[in-house]
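1. after the sequence you'll find the predicted model.
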Amino acid sequence: MSPTFTIAAKDLRLLARDSRSAMILLVMPLLLILVLGLSLGRIFEQKPDDRIRISVVNLDAGLPTDHQGFPPKNWSEMVLDDLTNTGNVRVELIASREEAEQLIRKGDRAAVVIFEPEFSDRVQRCSFVGEPFTRNPINPLYRDGILTREIGVTILRNPSQLVAYSVINQVIQVTLMRVVIPWMIGQAFEMIGTPPFMERMEKHIPQLKLAYPFLSKKTLGEGIQQGIGAFFSEYNFTGKTWAKLTKSEEPPENAENRSVFEASDRGIRLNRGALRYQVLVPSYTVTFAFFLVLTVGWLFVAERRHGTMVRLLAAPLARWEILLGKLIPCLAVSLLQGFLLLGCGWLVFGMSFGPTPWLVVPVVVSTSVAAVGLAMLVAGLARTETQVAVYGTLLVLVLAGLSGSMMPRDLMPEAMRTLSQLTPHAWALDAYAQLLPAPGDSEQAAPIPDAGQILRYCGVLWAFGLSFLGLAWWQMRLDSY
Amino acid sequence: MAAALREIPMPHKMVVIMVDPILEVREIRHCYGSTVALDGVSLTVGRGELFGLLGPNGAGKTTLMSILAGLQEPSDGSVWVAGQRLSRSARGLRCRIGIATQDLALYPELTARENLLFFGRLYRLHESELRPRVETLLATVGLSDRAEQRAGTFSGGMKRRLNLAIAVVHQPELLLLDEPTTGVDPQSRNHIFEFVRQLNSAGLTVIYTSHYMEEVQSLCPRIAILDQGRLIACDTLPNLLRLQKTLIHLRLPQVPAGLIEKLQVLPGVTEVQAGVDQITLTTTESGLLLPKLAAACLQYHLEPTSLELDQPTLERVFLHLTGHELRD
């Protein structure tokens, strides 16, 4: 075995016997991921979102059995479609009334809309006309819009968040009007010209009967309906939906505006496979990759403290052989750490590597190169264990904070994101962000990562690593005694 | 050692002629900033010699050893080992030198055997050669039964012995020992002395540095004395001791007239100082003088109440040469 590998094997053996390094490099990141995943995980799943969140409990029992043709789905679904297709609104579905009440009580939600079981039945009965044209008709309209209790809608509200409640209430009012009023208009207009309609008209215009010898009641009724329709040619009074009524295009469907509230977050559960781990695992893998600074620093300081550096220098070894012998185990430990943490991310936390998992390899390797470079640089500068511990930890934490690896990078101000590019962490995180399915991407729908972009990020990490190593080589003095 | 040196008896001095030098130090000067650590040191050590380097703390011994081990270049002057000039780049030459530093230099997390194997491999020894060598060394320093225990669990003396074994695992020709008994118990110290003598008997040249005069005096036939970066003496032990004379303190009931004159003419006596009941003689030949001194006293019917012999030591030689004590 060459002396370089002899030194490397010795250092690996020392590291394997150093529980302190194993604790810092492997146990701490896993513990942090676990704890943060359990306690603050939701933060890591939330992108900055300016959309209005409408929380809904849908208890709608469905349409009456005798409904004819319209609507094609429950009225609650019609309302939810309208909400989700409205710009800057997203719908969050809560499973139960109890859950909604708890969220309101805790102040987690300003208002929750509940579609009661009778909602579809009552909307179905909404009508401008009464008996006998409509069975048990309901008139939901009043001065301010739709009387929600009349159609089986309950809005829970948190009294301390009235402004937010008012906004949500207005959104609901507009949506209900867009759903209920075209339905009521459509029903009413379809009645125009029908025999019951003509009979009612005959009571008010007795002369109408004089026309019957010349026109059948059916022809006359159809003519009236067509005439009114032609008079209001900008509208389709039988459309029954807002888009058809106004003869406008149906709004595009926005399924991503609808999500399900995760009830599991209320308890302490691992919630394996949660999207938070897509952020947490790479973030802490990158952060703790640079904690290698401490391990390598201690390795060099211990070599000096134990006096063994003198023996290395007295041996027939070139400086590069000693440094390479120290570098190899550090790189090996860093690679092991990277793959082990990501492996745990996959096995324990159920994270996904997206459609091109092999790209993890260059990202881990490049991150390790950058981390080892920085570690060697610090190891060359620090003279004592205290210096390594204090300055190394400070450096690692400042870089981690600056780079955004301790919080979702999306939450950082733009200027800070630009500044973060000065750290290798940021490039590693960008590579992971490009590689891994983001929060909000389903496993199947995750976009194919841009391999070229990822490799460019890896190139920057290599540049960082080689620059650090160059500086370390230039300034490192292997102490004599 | 006998092969390297030939001592020629002379009336008052032995002249040492170096037959086969393994180490030559020529006019070494070394500075740390404005501080001069070594100032024109020159010495020669013969192959197979057990050479002592004596000096107080801060005399420059460790700096000299560091230079001799090739760990640093002198500011000026040169070091030659086995006829080749030593430098940081002379890596091949470093295989021929072993060093046991003043501070321990071993890995506490590795076992005794692992430490020896590691340092042996650094010198590119083949496993077939290295493994038996390691076992022999472990046995020699009395650590065979602790070979699988981590060095960190050893006592100070055991660590020192392991440290010494590591220094010779690659079978060097020149061994530099820098204060090898610092902080060890008497038993380990004897063990180390025995090991050093054994190595030297096997032909290894040893340079033994210490500020303990007794150690150097008991181990090393030839000694250099270093003080404030300067080599103030370098000679065989007897020659160095001859730099100082023996003092004989004789206490008598009285000092009669005529006794002083009689003692002054005795052979080897260079000075006589007399008090009321005490005489102090300075001599170069205490062994031959004592019977004559006894005879003189008998002649005057005097019975000495006490007789003290103050023989020369390196301590006194150092004081004589430098004007201050070794442990100042």
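-> Happy to help now that I have it. Numbers count the residues shown, from 1 in each chain, chains lettered A, B, ... in the order given.
2. so who does residue 111 touch?
-> Going with chain A. A:S55, A:I104, A:I155, A:L156, A:R157, A:N158, A:Q161, A:A164, A:Y165, A:I168, A:N169 (Cβ atoms under 8 Å, 6 or more residues apart in numbering or on different chains). From N, CA and C alone the C-beta is placed, and that goes for glycine too.
3. meant chain B actually
-> Each residue near B:T111 by Cβ under 8 Å, 6+ apart is listed here: B:A147, B:E148, B:Q149, B:R150, B:A151.
4. now swap in A:S127 and tell me
-> By Cβ under 8 Å, 6+ apart, A:S127 lies in contact with A:F133, A:T134, A:P137, A:I138, A:N139, A:M184, A:Q187, A:A188.
5. A:L324 now?
-> A:T4, A:A8 are the contacts of A:L324 under Cβ under 8 Å, 6+ apart.
6. strands of the stretch 201-328 of chain B, residue ranges please.
-> Using DSSP state E, counting those that start in this stretch, the strands of the stretch 201-328 of chain B run over residues B:205-210, B:222-227, B:230-236, B:246-251, B:269-274, B:278-283, B:306-310.
7. which one of these lies nearest to chain A?
-> strand B:205-210 (13.0 Å; Cβ to the nearest Cβ).
8. surely B:L302 and B:R251 touch.
-> No. The pair B:L302 / B:R251 is not scored as a contact, 10.5 Å apart, by Cβ atoms under 8 Å.
9. can you check the pLDDT for B:G258?
-> Looking at B:G258, its pLDDT is 84.
10. okay, now the unreliable bits of the chain?
-> Reading this off chain A. Along chain A, segments meeting pLDDT under 70 span A:39-50, A:263-274, A:408, A:438-446, A:478-481.
11. meant chain B actually
-> Scanning chain B for pLDDT under 70 picks out B:1-19, B:326-328.
12. what sits against the residue of it at minimum distance from chain A?
-> Residue nearest to chain A within chain B (Cβ to the nearest Cβ): B:A105, separated by 3.5 Å. Residues near B:A105 by Cβ under 8 Å, 6+ apart: A:H306, A:G307, A:T308, A:V310, A:R311, B:N163, B:I166.
13. now B:R242: how far from B:T284?
-> For B:R242, the distance to B:T284 equals 7 Å [Cβ to Cβ, to the nearest Å].
14. which positions in chain A make contact with chain B?
-> Within chain A, the positions adjacent to chain B are A:1, A:3, A:6-7, A:10, A:13-14, A:17-18, A:306-308, A:310-318, A:480-481 by Cβ under 8 Å from any Cβ of the partner chain.
15. rewinding a little: ok, the contacts of A:A111 vs A:E250, which is closest?
-> Distance to A:E250 across the contacts of A:A111 (Cβ to Cβ) is lowest for A:I168, with 24.5 Å.
16. gap between the residue nearest to that closest one when sequence neighbours are not counted and A:S55?
-> Excluding its sequence neighbours, the residue lying closest to A:I168 (Cβ to Cβ, 6 or more residues apart in numbering or on different chains) is A:A111, at 4.4 Å. Applying Cβ to Cβ, the value for A:A111 to A:S55 is 7 Å.
17. got a list of what the closest residue to chain B within chain A touches?
-> The nearest approach of chain A to chain B comes at A:G307, 3.5 Å away (Cβ to the nearest Cβ). Residues counted as contacts of A:G307 (Cβ under 8 Å, 6+ apart) are A:Y481, B:T101, B:D103, B:L104, B:A105, B:L106.
18. equivalent analysis for B:R189, please.
-> Contacts of B:R189 (Cβ under 8 Å, 6+ apart): B:G157, B:T181.
19. go through the one helix or strand it maps to and flag the buried ones.
-> Assigned by DSSP states H and E, B:R189 falls within helix B:186-201. Residues B:S188, B:R189, B:H191, B:I192, B:F193, B:F195, B:V196, B:L199, B:N200 are the ones in helix B:186-201 that count as buried (16 or more other Cβ atoms under 10 Å in any protein chain shown).
20. same question for stretch A:109-123.
-> Neighbour counts using 16+ other Cβ under 10 Å place A:109-116, A:118-123 of stretch A:109-123 among the buried residues.
21. mind listing which of these are in helices?
-> If you go by DSSP state H, the buried residues of stretch A:109-123 have A:F119, A:S120, A:D121, A:R122, A:V123 in helices.
22. hang on, the second one packs against A:N74?
-> So the one you mean is A:S120. Yes. Applying Cβ under 8 Å as the test, A:S120 and A:N74 come out as touching, 4.8 Å apart.
23. what's the overlap in contacts for those two?
-> Listed contacts common to A:S120 and A:N74 are A:D60, A:G62, A:L63; contacts here mean Cβ under 8 Å, 6+ apart.
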